[in-house]
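Q: please find the sequence and the predicted model below.
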Amino acid sequence: MDILFLKPIFKERIWGGTELNKVFGYDIPFEHTGECWAISAHPHGESIVTKGPFKGYKLSEVYQTHRELFNKIKNPLFPLLTKILDANDDLSVQVHPNDLYAKKFEKDLGKTECWYILSAEENSYIIYGHQAKSKIELKNMIENNQWNELLIKKPVKTGDFIYVPAGTIHAIGKGVLILETQQSSDTTYRVYDFDRLGTDGKPRELHINPSIEVTTVPHQDYKVEKEVKKINTHTFTRFVSNNFFTVEKWEIDGLLEIPSNHYKLVSVIDGQGEINGQKIAKGDHFIITALEKRIKLEGKLELIVSWT
């Protein structure tokens, strides 16, 4: 089969809620379900193929044994991870290392990521960046709990796209539902957690020293330059394209047939229809493999599509 349909994995988080059930109809296992690992070959949560000749296989197993499905890319590990995050409460303020640091100290990939805002309550915000001008100033402000002076808040709304390079201090605020495309990494350094307690009644672990080491100082803002292309009734928006990933939004209205020669991760964020004769609907996640030479989409659909 030239399309791999995948079953999501769900993660309990102290800041999670029930939006993944309300919005996507997922049978979530926890009252505080914070993350849906929708397309993942990371050992901390692997997607399972749900139909076809690879049914029951982990995505990592398919990747290791059938590299022709993925354009024979040379990455030893599947490079991307797609998540949906439900911020029912503020996430911790955190930062991720780059590849060099993560491979040396964590035996993991670095974590550059990006967010498509699926929905945001009124007055929602994210934390994106900091005000420190040097590592010494960053260290002093953290040690003195000068969070209001240090952290930069930015308002967000539905449909926004935010690129978060490794080294960027960030946090998702309460009331925001996002689709995240990221390097396949689970390395996170927690800088600040609002002094809240974990489920064990103790403060959650912070990672101050590595956070200071990996944070980009001074903060470098990143402005997303969208590229929009129309094909008849369909709209394609490219948000970012670099060495880590390309991420686009496809808005399909009617029938579309296009050639394809590269594997693509696809998440259906709204609508329903068909791809190459197979029904798809909001909440579905799949990989169009490199063996699929044409894509035939039909229906009214909104898709987030990514690849390396």
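A: Happy to help now that I have it. Numbers count the residues shown, from 1 in each chain.

Q: which residue ranges form the strands in the stretch 51-200 of the chain?
A: If you assign secondary structure with DSSP state E, counting those that start in this stretch, the strands in the stretch 51-200 of the chain sit at 80-87, 93-95, 113-120, 125-130, 151-155, 161-164, 170-172, 176-183, 189-192.

Q: the helix or strand following the last one - what's its average pLDDT?
A: It stands for strand 189-192. Later in the chain than strand 189-192, the nearest helix or strand by DSSP states H and E is helix 208-214. Along helix 208-214, the predicted confidence averages to a pLDDT of 97.

Q: any idea how far residue 115 lies from residue 285?
A: Note on residue 115: its distance to residue 285, by Cβ to Cβ, to the nearest Å, is 17 Å. All C-beta atoms are positioned from the backbone trio N, CA, C, and that covers glycine.

Q: mind putting the strands of the stretch 51-200 of the chain in TSV, mean neighbour count and distance to residue 266 included?
A: What follows is these, written out as TSV (neighbours: other Cβ atoms under 10 Å; distance: least, Cβ to Cβ, whole Å):
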stretch	mean neighbour count	distance to residue 266
strand 80-87	25	9
strand 93-95	22	28
strand 113-120	21	13
strand 125-130	23	25
strand 151-155	15	28
strand 161-164	20	17
strand 170-172	25	23
strand 176-183	24	11
strand 189-192	22	31
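
Q: can you redo these as JSON lines with distance to residue 300?
A: Conversion of these to JSON lines gives the following (distance: least, Cβ to Cβ, whole Å):
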{"stretch": "strand 80-87", "distance to residue 300": "21"}
{"stretch": "strand 93-95", "distance to residue 300": "37"}
{"stretch": "strand 113-120", "distance to residue 300": "17"}
{"stretch": "strand 125-130", "distance to residue 300": "29"}
{"stretch": "strand 151-155", "distance to residue 300": "29"}
{"stretch": "strand 161-164", "distance to residue 300": "21"}
{"stretch": "strand 170-172", "distance to residue 300": "29"}
{"stretch": "strand 176-183", "distance to residue 300": "19"}
{"stretch": "strand 189-192", "distance to residue 300": "41"}
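
Q: point to the residue nearest the middle of the chain.
A: Of all residues in the chain, the one closest to the mean position by Cα atoms, centre = their mean is residue 180, 1.9 Å from it.

Q: residues touching that one, list them.
A: With contact taken as Cβ atoms under 8 Å, 6 or more residues apart in numbering, residue 180 is in contact with 82, 83, 84, 85, 113, 114, 115, 116.

Q: I'd say residue 39 and residue 79 touch.
A: No - with contact defined as Cβ atoms under 8 Å, residue 39 and residue 79 do not form a contacting pair (11.3 Å).

Q: follow-up on the earlier one: can you redo the strands of the stretch 51-200 of the chain as CSV with mean pLDDT and distance to residue 210?
A: CSV is the format used below for the strands of the stretch 51-200 of the chain (pLDDT from 0 to 100; distance: least, Cβ to Cβ, whole Å):
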stretch, mean pLDDT, distance to residue 210
strand 80-87, 98, 21
strand 93-95, 98, 9
strand 113-120, 98, 18
strand 125-130, 98, 16
strand 151-155, 98, 18
strand 161-164, 98, 17
strand 170-172, 98, 16
strand 176-183, 98, 17
strand 189-192, 97, 5
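
Q: for the closest residue to residue 189 other than its chain neighbours, give me its contacts.
A: Of all residues beyond its chain neighbours, the one nearest residue 189 is residue 207 (3.9 Å), with distances taken as Cβ to Cβ, 6 or more residues apart in numbering. By Cβ under 8 Å, 6+ apart, the contact list for residue 207 reads 189, 190, 191.

Q: if you set the cut-off to 10 Å instead, what comes out?
A: 94, 95, 187, 188, 189, 190, 191, 213, 214 (Cβ atoms under 10 Å, 6 or more residues apart in numbering).
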